[in-house]
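>>> Pasting a predicted model and its sequence here:
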Amino acid sequence: MKTVLVTGANRGLGFALATGFLEAGWRVIAVAREMPELPQTDQLQVELCDLTDGQAIQALAARLQGAPIDVLINNAAMYDSPPNDETITTDFTQICHLFQVNTIAPKVLADALVGNLHAGVDKLVVTMSSGMGTYAEFDEYHAKHWAYSASKTAVNYAMVSFAKMNPSFTSVLINPGWMQTAIGGDDAPLQPKESAEAIIDLITNHKNKLPNARMVDYTGKHVDF
């Protein structure tokens, strides 16, 4: 049985990914700050962790020491304004927190779990990015939401750097699409389950086609940085 670790598994896309992998017969390590309401099964291991706390990440890695992880999914993220609200934060502390969640935590967690990934078979690291983190889609809206956009641009760089330093792994960025989540709001065209199903298909059936140190969308289409 293969193992996937999903961060931000208590809601939105992370919840949909964790649920989908459980249904597909995978062992799931669900990482979240709060207890997720996932199906109770022997295939599920819940790990509560604040990913903005470096010591908490190291403690998580210690608890998982020796456990093979086939796929790490860096999904946890936050936006720079509340759902369905155009009030963009300008608070320095909140912006720093956003970068901790969206940029620093994925790279630090991946580094902490290198031994687990070596012990797994797939050796795949998937990090959720965004079209807002690319210059290819840059417009006034993205410029206005510069903090979120810049944090996703930075995580692209961070995880390409991870790929460079860990050539035996595949580290791919995925744009999961505009979804009805706490980040995407109610007007988004995609449900998290739709995106999750497509991403799970990419991972389970097309893993060898996922490009290292590049970005694709949830359908597998190449996305320019």
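All right, it came through fine. Numbering: from 1, shown residues only.

>>> Where does pLDDT dip in the chain?
83-85 (pLDDT under 70).

>>> distance from the centroid: which residue in it tops it?
Each residue of the chain has a distance to the centre, and by C-alpha atoms, centre = their mean the biggest one is for residue 140: 25.4 Å.

>>> Strands of this protein, residue ranges please.
Assigned by DSSP state E, the strands in the chain fall at 3-7, 27-32, 44-48, 71-74, 124-128, 170-175, 215-217, 222-223.

>>> Ok, which of the ones you listed comes nearest residue 89?
strand 124-128 (20.5 Å; C-beta to C-beta). C-betas here are computed from N, CA, C, even on glycine.

>>> ok, the closest one: who's next to it in the sheet?
strand 71-74 (parallel), strand 170-175 (parallel) (DSSP bridges).

>>> Turn those into CSV, including mean neighbour count and distance to residue 25.
Output for the strands paired with strand 124-128, formatted as CSV (neighbours: other C-beta atoms under 10 Å; distance: least, C-beta to C-beta, whole Å):
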stretch, mean neighbour count, distance to residue 25
strand 71-74, 28, 14
strand 170-175, 25, 22
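
>>> Go through those and name the closest to residue 34.
Nearest to residue 34, of the strands paired with strand 124-128 and by C-beta to C-beta, is strand 71-74 at 18.0 Å.

>>> Can you list the neighbours in contact with that closest one?
For strand 71-74, the external contacting residues (C-beta atoms under 8 Å, 6 or more residues apart in numbering) are 2-7, 14, 17, 105-106, 109-110, 113, 117, 120, 122, 124-128, 155, 159, 203.

>>> Endpoints of stretch 203-219, how far apart?
End-to-end distance for stretch 203-219, by C-alpha to C-alpha, to the nearest Å: 11 Å.

>>> ok so, going back, format the strands of the chain as CSV; extra columns: distance to residue 197.
Output for those, formatted as CSV (distance: least, C-beta to C-beta, whole Å):
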stretch, distance to residue 197
strand 3-7, 14
strand 27-32, 15
strand 44-48, 19
strand 71-74, 14
strand 124-128, 15
strand 170-175, 13
strand 215-217, 14
strand 222-223, 19
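
>>> Now the spatially most central residue of the chain. Its backbone dihedrals?
Centrality entry for the chain: nearest residue to the mean C-alpha point is residue 75, 2.0 Å, by C-alpha atoms, centre = their mean. Main-chain dihedrals, residue 75, degrees, to the nearest 10: phi -110, psi -30.

>>> next one: residue 40
Per degrees, to the nearest 10, the backbone of residue 40 is at phi -80, psi 110.

>>> that older thread, quick one: which of the strands paired with strand 124-128 is nearest residue 22?
Nearest of these (C-beta to C-beta): strand 71-74, 13.4 Å.

>>> just to revisit the earlier point, for the residue nearest to the centre of the chain, which residues are in contact?
When contacts are counted by C-beta under 8 Å, 6+ apart, residue 75 touches 6-9, 13-14, 17, 128.
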